[in-house]
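**Student:** Sequence below, structure please.
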Amino acid sequence: MLLIAFASCHAKAQVNSLLKEGNRSYNKQKYDAAEKSYSDALNKEPDSYGANFNKGDALFKQGKYKEATGYFDRAAGLEKDRAKQEQGYYNLGNSYLKQDDYASSINAYKKALKINPDDLHAKYNLSYAIAKRNNKQRQQQKQQTAQNKSNSDQQNKPGQNNQPSPQNGQNQNPQYKNTPSHDQSGMSDAEAEQILSAINNNEEKIRQRLFDSRKGAPYRTDKPW
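**Tutor:** Okay, here's the model as predicted:
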């Protein structure tokens with residue numbers, strides 16, 4: 001039993017040493033070296049929150065957003081500590097946002113806010129993601145309207161047979177509608193907007209401080225443990 005306990009402590013010490021080594025590289029902006037150290041830590045302890053979260057951070061900094069999502073998602077699922085869970089979901093939202101996957105980023109930010117409703121950064125990023133999604137839907141609706149008009153003009157030209165529009169799933173240009181959504185976070189868009197109302201009203205000064213030099217881009221990614 002003593003031998004098993006010693007081996008376990010030794011492995012844990014190795015993981016901690018690798019995490020510290022990775023953090024030193026990360027702080028020097030040597031993200032590829034940091035990724036390697038975190039990968040080595042994961043090889044020794046696959047269920048380590050720190051190793052998963054930190055590798056996600058290193059990947060994110062290298063622009064490998066799709067790969068990063070898996071590690072942030074896993075980190076959030078592994079950790080029982082609510083603060084760490086919230087950071088996992090927050091960074092997960094950032095990774096999805098970088099891929100223009102607005103639905104997934106919104107869902108992740110909502111999960112973060114379910115844990116910590118006072119996280120102003122998550123509130124701001126959620127509002128940003130919702131705005132980007134709504135703008136995309138408006139653009140899709142405009143394109144659909146223009147396409148429908150073009151099709152109608154073609155069908156109504158003299159000398160052409162007016163064929164019925166495709167039915168039963170044959171339409172190649174589906175309609176997009178702004179409908180209230182309710183996802184796995186247990187929070188509807190309407191509820192999310194209510195949370196964000198504090199930013200638009202009483203916390204306007206705080207909101208302004210959340211804008212970084214990118215002038216309205218999402219702010220802050222939580223750093224490695």
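
**Student:** my read is residue 20 is in a helix, agree?
**Tutor:** Yes: secondary structure of residue 20 (DSSP: H, G, I helix; E, B strand; the rest coil): part of a helix.

**Student:** And the pLDDT for it?
**Tutor:** We have a pLDDT of 92 for residue 20.

**Student:** Now do the helices in the chain.
**Tutor:** Assigned by DSSP state H, the helices in the chain fall at 2-27, 31-44, 49-61, 65-78, 82-98, 102-115, 120-155, 189-200, 204-209.

**Student:** Show me which residues of the fifth one are buried.
**Tutor:** By neighbour count, with 16 or more other C-beta atoms under 10 Å as the criterion, the buried positions of helix 82-98 are 84-98. Glycine gets a C-beta too; all of them are placed from N, C-alpha and C.

**Student:** Which of those sits closest to residue 104?
**Tutor:** Nearest to residue 104 among the buried residues of helix 82-98: residue 96, at 4.1 Å, using C-beta to C-beta.

**Student:** wait, isn't that closest one in contact with residue 69?
**Tutor:** Yes: here residue 96 reaches residue 69: they are 6.2 Å apart, a contact under C-beta atoms under 8 Å.

**Student:** shared neighbours, these two?
**Tutor:** Contact criterion C-beta atoms under 8 Å, 6 or more residues apart in numbering; residues shared by residue 96 and residue 69: residue 104.

**Student:** Turn the helices of the chain into JSON lines, including distance to residue 223.
**Tutor:** What follows is those, written out as JSON lines (distance: least, C-beta to C-beta, whole Å):
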{"stretch": "helix 2-27", "distance to residue 223": "8"}
{"stretch": "helix 31-44", "distance to residue 223": "11"}
{"stretch": "helix 49-61", "distance to residue 223": "7"}
{"stretch": "helix 65-78", "distance to residue 223": "13"}
{"stretch": "helix 82-98", "distance to residue 223": "9"}
{"stretch": "helix 102-115", "distance to residue 223": "16"}
{"stretch": "helix 120-155", "distance to residue 223": "13"}
{"stretch": "helix 189-200", "distance to residue 223": "24"}
{"stretch": "helix 204-209", "distance to residue 223": "19"}
